[in-house]
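1. A predicted structure for the sequence below; I have some questions about it.
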Amino acid sequence: MKQRTIGDTDVSAIGLGGMPMSIEGRPDERRSIATIHAALEAGVTLIDTADAYHLGGHDEVGHNEELIGRAVREFHGDAGSVLIATKGGHLRPEAGNWTQNGDPAYLKEAAKASAKRLGVETIDLYQFHRPDPAVPYADSIGALAELLDEGVIRMAGISNADVDQIRQANEVLDGRLVSVQNQYSPAFRTSEAELELCDEMSIAFLPWSPLGGIAGASDLGTTYQDFATVARDRGVTPQVIALAWELAKSDVVIPIPGASRPQSILDSVTAATIRLRPEDIDRLDRSLATA
């Protein structure tokens, strides 16, 4: 597995997004654990989760964190290099209803609760999940700075952030911002400016829903015919070409495709072996410009 870097840590060029294992349509636990173990066996060393990945309701909070923490501990191989990234500040009080809480005191307690659910003393990477319009952004990020200083988290990141928020977060964190997790895919390219800034600042950019989300991933080759054509030429799926296209954008890009089946993540990791030719990238970019 090719490697990329988050902060001071090398991780696999393709990560695993845990969300589909815990929200609506979640599989049985055995299949989820098999998916996580298949990813680890394939060399994936970055797993992304959040305390809000659950069906809704207080009793469900942290379902995905507990699942991933347990699966990694039960893995039969060496999981010592696995980086588990989690997030706080986004809440799901009930199914279909998402809210934000960027209160610094809340974020600090949420991080400690996440560490407990993951079964770790220190969280490798903790990310502010989504800006809360009721709380100054700098105050929320200040909580991450305190968590770093206290040793509750080892690295800090942000999610769903714009260019100004990336710059502000890095300033509040005294240059310690290591990652930005934004939506990015052939279907959603409005984070180009944020990706370019991360490249300039050498901050890892983690595309979420890199295949267009649960609903759009299966139709990617139909929606974007040029991705399907390049995929046929390479003998891979259009989804693999989409991930390879994202990897080609910059060395700071580390896609985190969600999966709930072993075969899905095993297909995704193939993208790390694909080197697109300049003419392929140009073709794909031009096709998206006219989409």
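-> Nice, I can see it.
2. ok, which stretches of the stretch 151-291 of the chain are helices?
-> Ranges of helices in the stretch 151-291 of the chain, per DSSP state H, counting those that start in this stretch, are 163-172, 192-201, 213-217, 220-223, 225-234, 238-249, 262-269, 278-289.
3. Asp78 is nearest to which of those helices?
-> helix 262-269 (17.3 Å; CB to CB). Backbone N, C-alpha and C define where each C-beta goes, glycine included.
4. packing partners for that closest one?
-> helix 29-41, helix 238-249 (3 or more CB pairs under 8 Å, 6 or more residues apart in numbering; DSSP states H and E).
5. got a markdown table for those helices, with distance to Ala79 and mean neighbour count too?
-> Formatted as a markdown table, the helices and strands packed on helix 262-269 follow (distance: least, CB to CB, whole Å; neighbours: other CB atoms under 10 Å):
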| stretch | distance to Ala79 | mean neighbour count |
| --- | --- | --- |
| helix 29-41 | 6 | 19 |
| helix 238-249 | 23 | 24 |
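6. buried residues in the lowest-mean-pLDDT helix or strand in the chain?
-> When the helices and strands of the chain are scored by mean pLDDT, DSSP states H and E, helix 213-217 comes last with a mean of 87. The neighbour-count check on helix 213-217 (16 or more other CB atoms under 10 Å) flags Ala217 as buried.
7. and if you look at stretch 178-191?
-> Quick answer for stretch 178-191 (16+ other CB under 10 Å): 178-188, 191.
8. would you turn the helices and strands packed on helix 262-269 into CSV with distance to Val11?
-> As requested, the helices and strands packed on helix 262-269 are exported to CSV (distance: least, CB to CB, whole Å):
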stretch, distance to Val11
helix 29-41, 12
helix 238-249, 13
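9. adding distance to Asp282 and mean pLDDT, write the ones you listed out as TSV.
-> As requested, these are arranged in TSV below (distance: least, CB to CB, whole Å; pLDDT from 0 to 100):
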stretch	distance to Asp282	mean pLDDT
helix 29-41	32	98
helix 238-249	11	98
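10. can you say which of those is nearest to Ile23?
-> Between the helices and strands packed on helix 262-269, helix 29-41 lies closest to Ile23; by CB to CB that is 11.8 Å.
11. distance of the residue most central in space within the chain from Lys116?
-> Geometric centre of the chain, nearest residue: Ile256, 4.4 Å, by CA atoms, centre = their mean. Computed as CB to CB, to the nearest Å, the Ile256 to Lys116 distance reads 23 Å.
12. looking at this, Leu125 is in a strand?
-> Yes. Under DSSP: H, G, I helix; E, B strand; the rest coil, Leu125 falls within a strand.
13. and it, how many neighbours?
-> Neighbour count of Leu125, defined by other CB atoms under 10 Å: 25.
14. next one: the one 5 residues further on
-> Here the number of neighbours of Arg130 (other CB under 10 Å) works out to 23.
15. do the same with Pro278
-> Here the count is done by other CB under 10 Å, and Pro278 has 8 residues near it.
16. what's the answer for Ile254, then?
-> Ile254 has 25 nearby residues by other CB under 10 Å.
17. quick revisit: of the helices and strands packed on helix 262-269, which is nearest Gln3?
-> helix 238-249 (11.9 Å).
18. show me what contacts His37?
-> 71, 75-76, 262 (CB atoms under 8 Å, 6 or more residues apart in numbering).
19. repeat for Gln239
-> Gln239 neighbours (CB under 8 Å, 6+ apart): 211, 217, 220-221, 257, 267-268.
20. of those, grab the buried ones for ChimeraX.
-> The buried residues among the contacts of Gln239 can be selected in ChimeraX (16+ other CB under 10 Å) with this line:
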select :211,217,220,221,257,267,268
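21. from the contacts of Gln239, which is closest to Ala289?
-> Leu220 (17.2 Å).
22. can you add distance to Val61 and give the contacts of Gln239 back as TSV?
-> Shown next, in TSV, are the contacts of Gln239 (distance: CB to CB, whole Å):
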residue	distance to Val61
Leu211	27
Ala217	26
Leu220	32
Gly221	36
Pro257	24
Asp267	31
Ser268	28
